[in-house]
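>>> Generate a structure from the sequence data that follows.
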Amino acid sequence: MDRPFVLINMAMTVDGKITSAKREYPRLTTPYDRTNMDRLRAGVDAVLVGAQTMRADSPKLYVREKKMQQHRESLGKPLGLLKILVTASAMLGPDSRFFDDADGGGLLIATVVDAPEERVAALAERTEVWKLGRGSVDLNALLVRLKQRGVDRLLVEGGGELNWSFLRDDLVDELYVTIAPSLLGGRDAPTLLEGQGLSMKQRRRLRLLDLHREGDELYCRYAVVR
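Next up is the predicted model:
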């Protein structure tokens, strides 16, 4: 394979929402889910998010728990994760948590050739920037370059539009979904997959690899069937 093995990890309500229509911080799950996220991060070489998710949730993109840091070391991996941000607009504030490279794994921003040059220049002063595609980031080209850089396993942590882009381009290998015991509703509330969607004929089929219950939460692991 000339690209990394790609995993998506997301938590959602029973009705498929990843946050409310007001785009509030998604406090949906228990600390166990955060440990599970750390476990997934411990097993990959890089973690990738979209700029909208970074601006809205400001997630910390590294293995946080000491136990999981030790687990990562037991796998023969360096402590640091490469942190990747995808943004066609190149719009990211200088105080964004993305620039917090606490574990020393490195930072990378993927944008497009027609992004505003002044924004790209400002980002390039802070970290490495790749221009890939026009209008939207060419994810296939991004993954090929990441593979060449030594990234064999990549964890994608959304949001819904970015997840859709990966699925649309048939770049997802496994999907980890935490189902939280909540309902949100709302036609404008974002879901695990956004975008224009697929027809019934085009729908992606999944195979359940593992199902685990922790309290009232369900942890599902699926393989994308090709």
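>>> residues touching the spatially most central residue of the chain, list them.
By CA atoms, centre = their mean, the chain has its centre lying nearest to residue 157, at 1.9 Å. By CB atoms under 8 Å, 6 or more residues apart in numbering, the residues touching residue 157 are 8-10, 37, 47-49, 53, 59, 61. Heads up, the C-betas are built off the backbone N, CA and C, glycines and all.
>>> Now with 6 Å, please.
Going by CB atoms under 6 Å, 6 or more residues apart in numbering, residue 157 touches 9, 49.
>>> How are the helices of the chain distributed by residue range?
31-42, 51-57, 66-74, 117-124, 139-148, 160-168 (DSSP state H).
>>> ok so, going back, roughly how far does the residue nearest to the centre of the chain sit from residue 215?
Using CB to CB, to the nearest Å, residue 157 is found at 22 Å from residue 215.
>>> what pairs with the residue nearest to residue 128 when sequence neighbours are not counted across the strands?
Setting aside the residues directly before and after it, residue 128 is nearest to residue 108 in space (CB to CB, 6 or more residues apart in numbering), at 5.1 Å. On the basis of DSSP bridges, residue 108 is bridged to residue 84, residue 128.
>>> My read is that residue 108 contacts residue 132, right?
No: at 11.0 Å, residue 108 does not count as touching residue 132 under the criterion of CB atoms under 6 Å.
>>> gap between residue 9 and residue 157?
Distance, residue 9 to residue 157, by CB to CB: 6 Å.
>>> contacts for the helix or strand of the chain with the lowest mean pLDDT?
Of the helices and strands making up the chain, the lowest-confidence element is helix 51-57, at a mean of 85, by mean pLDDT, DSSP states H and E. For helix 51-57, contacts defined as CB under 6 Å, 6+ apart pick out 23, 85, 87, 92, 98, 158-159.
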